[in-house]
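S.K.: Have a look at this prediction, sequence included:
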Amino acid sequence: MASAAPVLLLDQTDSTNAEARRRAAAGETGPLWIVARAQTAGRGRRGRNWESDDGNLFATLLHVTRKEPAEAAQVTFVAALAVADLLDTYAPPSIVTIKWPNDVMLAGQKASGVLVESGQHPSGGLWLAVGIGVNLAHAPVGTERPATALAQHLRGDISAPPKVDAAAAVLARAFAVWMERWETLGFQPVLDAWIARAHGLDGPAVARLGLETVEGRAEGVAADGALKLRLADGSLRLISAGDVFFGETS
Ligand code: BTN
């Protein structure tokens, strides 16, 4: 059976991803979950800030891999599935969905984000910092799209969201299971499971890619997880990274 990586619980750090990066630079290989009760400089994708409200989960897995960067990046799908399993434990699974590539949603609103960073490890290989933020207790305000928190969607028999240490333990176990499937069976079963939980993969979509915004119809994902977007001129654009909004036109 897959065994979870150990969890290091810090009271406070700047960013658990930054902490993982420092440890990798110093030669640590992990696997190790770095979890903080508070972040003073939590970071999100595309240079955004990640609000770090008390009682939410801020966790980063430090892991070293021999995979090539493009393949290693698939870990983002593993992370999304593990977060979905965590949320399933406390919320009705029917409201837990994934938005391409790795935002986990509760009743259609963002409850979690994943930020994967990587670099060359001093011992060879590639270090990965798989950073995961889950809104357990509080949803940030003032986000571009409304966000939510697990506390607002608990199953009837559960009175409060899990504490950070309990949530980290559930996440670490779920992640280990998906990681083992990826390592032993390859990406396809991971992608199949991800597709089964994904929403919006077949309809209008707007993708924000750096300075460029493209609009079209999502037509599912390619074998490597890239989003297939059919543009108005009939061409197919494969999108590997960016902010995508489904069910919308610009
Ligand atoms: C996103 O923008 O959706 C990704 C957010 C990722 C936030 C997590 S919180 C734990 C880890 N440490 C960070 O500084 N960021 C990630």
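M.R.: Here it is on my side, so go on. Numbers count the residues shown, from 1 in each chain.

S.K.: ranges for the strands of this structure?
M.R.: 7-13, 32-39, 57-65, 96-99, 103-106, 109-120, 126-134, 202-209, 212-221, 227-231, 236-239, 243-246 (DSSP state E).

S.K.: Neighbouring strands of the second one in the sheet, and parallel or not?
M.R.: Just to be clear, that refers to strand 32-39. Using DSSP bridges, strand 32-39 pairs in its sheet with strand 7-13 (parallel), strand 57-65 (antiparallel).

S.K.: could you redo the strands of the chain as a markdown table and give each row mean neighbour count and mean pLDDT?
M.R.: In this view, the C-beta of every residue, glycine as well, is placed from N, C-alpha and C. Below are the strands of the chain laid out as a markdown table (neighbours: other CB atoms under 10 Å; pLDDT from 0 to 100):
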| stretch | mean neighbour count | mean pLDDT |
| --- | --- | --- |
| strand 7-13 | 14 | 98 |
| strand 32-39 | 22 | 98 |
| strand 57-65 | 25 | 98 |
| strand 96-99 | 22 | 97 |
| strand 103-106 | 23 | 97 |
| strand 109-120 | 20 | 97 |
| strand 126-134 | 26 | 98 |
| strand 202-209 | 17 | 92 |
| strand 212-221 | 16 | 94 |
| strand 227-231 | 18 | 95 |
| strand 236-239 | 14 | 95 |
| strand 243-246 | 18 | 88 |
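
S.K.: Serialize the ones you listed to CSV and add fields for distance to the ligand.
M.R.: Putting the strands of the chain into CSV (distance: least, CB to the nearest ligand atom, whole Å) gives the following:
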stretch, distance to the ligand
strand 7-13, 9
strand 32-39, 6
strand 57-65, 4
strand 96-99, 10
strand 103-106, 6
strand 109-120, 2
strand 126-134, 3
strand 202-209, 13
strand 212-221, 18
strand 227-231, 16
strand 236-239, 16
strand 243-246, 9
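
S.K.: Residues touching the top helix by length along the chain, excluding its own?
M.R.: Counting residues, the longest helix found in the chain (DSSP state H) is helix 164-185. Applying CB atoms under 8 Å, 6 or more residues apart in numbering, the contact partners of helix 164-185 are 2-5, 7, 9, 33, 35, 37, 55-57, 59, 61, 74-75, 78-79, 81-83, 85-86, 89, 130, 132, 134, 136, 161-162, 189-190, 193.

S.K.: and the angle for it with strand 109-120?
M.R.: 60 degrees (axes from the mean of the first three to the mean of the last three CA atoms, to 10 degrees).

S.K.: and helix 164-185, anywhere near the ligand?
M.R.: No. Shown here: helix 164-185 not in contact with the ligand (CB under 6 Å from any ligand atom), separated by at least 11.0 Å.

S.K.: tilt between that helix and strand 126-134?
M.R.: Per the same axes, to 10 degrees, the angle that helix 164-185 makes with strand 126-134 is 140 degrees.

S.K.: any idea of the mean pLDDT for helix 164-185?
M.R.: For helix 164-185, mean pLDDT rounds to 98.

S.K.: buried set for that helix?
M.R.: 164, 167-179, 181-182 (16 or more other CB atoms under 10 Å).

S.K.: Columns distance to Gly119 on top of the strands paired with strand 32-39, output as JSON lines?
M.R.: Listed next are these as JSON lines, based on distance: least, CB to CB, whole Å:
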{"stretch": "strand 7-13", "distance to Gly119": "18"}
{"stretch": "strand 57-65", "distance to Gly119": "10"}
